[in-house]
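# here is a sequence together with a model predicted from it:
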Amino acid sequence: MKTILIFGITVITSNPLLAESTRQLESHEHGVGQLEVAIEGQKIAIDLHAPGADIVGFEYVAESSKDRKAVDTAITILGKPLDLFLISSDAKCSVMQAAAKLESDDEHDEHDEHDEHQEKSAHTEFHASYILNCMNIAAMTEIKFAYFDLFPNAKELEVQMISDVGAFTFEIEREEPTLDLIGKL
């Protein structure tokens, strides 16, 4: 029998709408990222997608040393999920895996609706994946999103979550950066 974690990751990654937004980076909305979360037992799988403009303030391919440094710094920050998503220390969560990268759509050339992309038309999107292990998952009653403090251009995260209890969707906004997990684990 497949576990709900594998099922959750499969559902999240096989969703045609999510796959389409991954293939066509230009389909994202500035200020809005996506977060998929699958929870089973002590394991939490998290997948984050955010426009380059939200994370580093631009979406063109970094060429200057200043821009490359901004991208490198962002990837370092994105590689630390417990600094982005604050969970009660009572949950005793640790990072099993963390990976962050910048994806770009270099072949994108028919994008006319954003003036800021006229000189350099490639879109970029940050993608991060995490696996956490929480020894006391019952103590995880909420997630506070320090993500918004670390990335001032980010305004909202659209969250899809699957757990032993069911599937949920949330919109977490900068003004109210807390996800209530009571009754959802």
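Arrived safely, thanks for sending.

# and the residue nearest the centre of the chain, its phi and psi?
In the chain, the centroid-proximal residue (Cα atoms, centre = their mean) is residue 48; its distance is 1.8 Å. Per-residue torsions, residue 48: phi -120, psi 130 (degrees, to the nearest 10).

# what does stretch 66-79 rub up against?
Residues from elsewhere that reach stretch 66-79, judged by Cβ atoms under 8 Å, 6 or more residues apart in numbering: 48, 55-58, 62, 83-84, 98-102, 126, 128, 150-151. For every residue, glycine as well, the C-beta is placed using N, CA and C.

# tell me which of those fall in strands.
Within these, residues falling in strands by DSSP state E are 48, 98-102, 126, 128.

# buried ones among these?
Among the ones in strands among the contacts of stretch 66-79, those classed as buried by neighbour count (16 or more other Cβ atoms under 10 Å) are 48, 98, 100, 102, 126, 128.

# who are the contact partners of the nearest residue to residue 80 once chain neighbours are set aside?
Sequence neighbours aside, residue 98 is the residue nearest to residue 80 in space, at 7.0 Å (criterion: Cβ to Cβ, 6 or more residues apart in numbering). The contact partners of residue 98, by Cβ under 8 Å, 6+ apart, come to 79-81, 128-131.

# beta-bridge partners for residue 98, please?
In this entry, residue 98 is beta-bridged to residue 130, by DSSP bridges.

# report the longest helix in the chain, please.
If you go by DSSP state H, the chain has its longest helix at helix 65-78.

# check the offset of that one from the chain's centre.
The chain centre lies 16 Å from the centre of helix 65-78; the measure is Cα atoms, centre = their mean, to the nearest Å.

# tabulate the CA atom coordinates of it in CSV.
These are the backbone C-alpha positions of helix 65-78, laid out as CSV (Å, rounded to 0.1, in the frame of the first residue of the first chain):
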residue,chain,number,x,y,z
SER,A,65,28.2,40.1,-9.9
LYS,A,66,25.7,42.0,-7.7
ASP,A,67,22.8,40.0,-9.2
ARG,A,68,24.6,36.7,-9.0
LYS,A,69,25.4,37.4,-5.3
ALA,A,70,21.7,38.1,-4.7
VAL,A,71,20.8,34.8,-6.3
ASP,A,72,23.5,32.9,-4.4
THR,A,73,22.3,34.5,-1.1
ALA,A,74,18.7,33.6,-1.9
ILE,A,75,19.5,30.0,-2.6
THR,A,76,21.4,29.8,0.7
ILE,A,77,18.4,31.2,2.6
LEU,A,78,16.0,29.0,0.7
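
# heading C-terminal from the lowest-mean-pLDDT helix or strand in the chain, find the next helix or strand.
Within the chain, no helix or strand scores below helix 16-23, which has a mean of 39 by mean pLDDT, DSSP states H and E. Per DSSP states H and E, helix 16-23 leads on to strand 32-40 as the next helix or strand towards the C-terminus.
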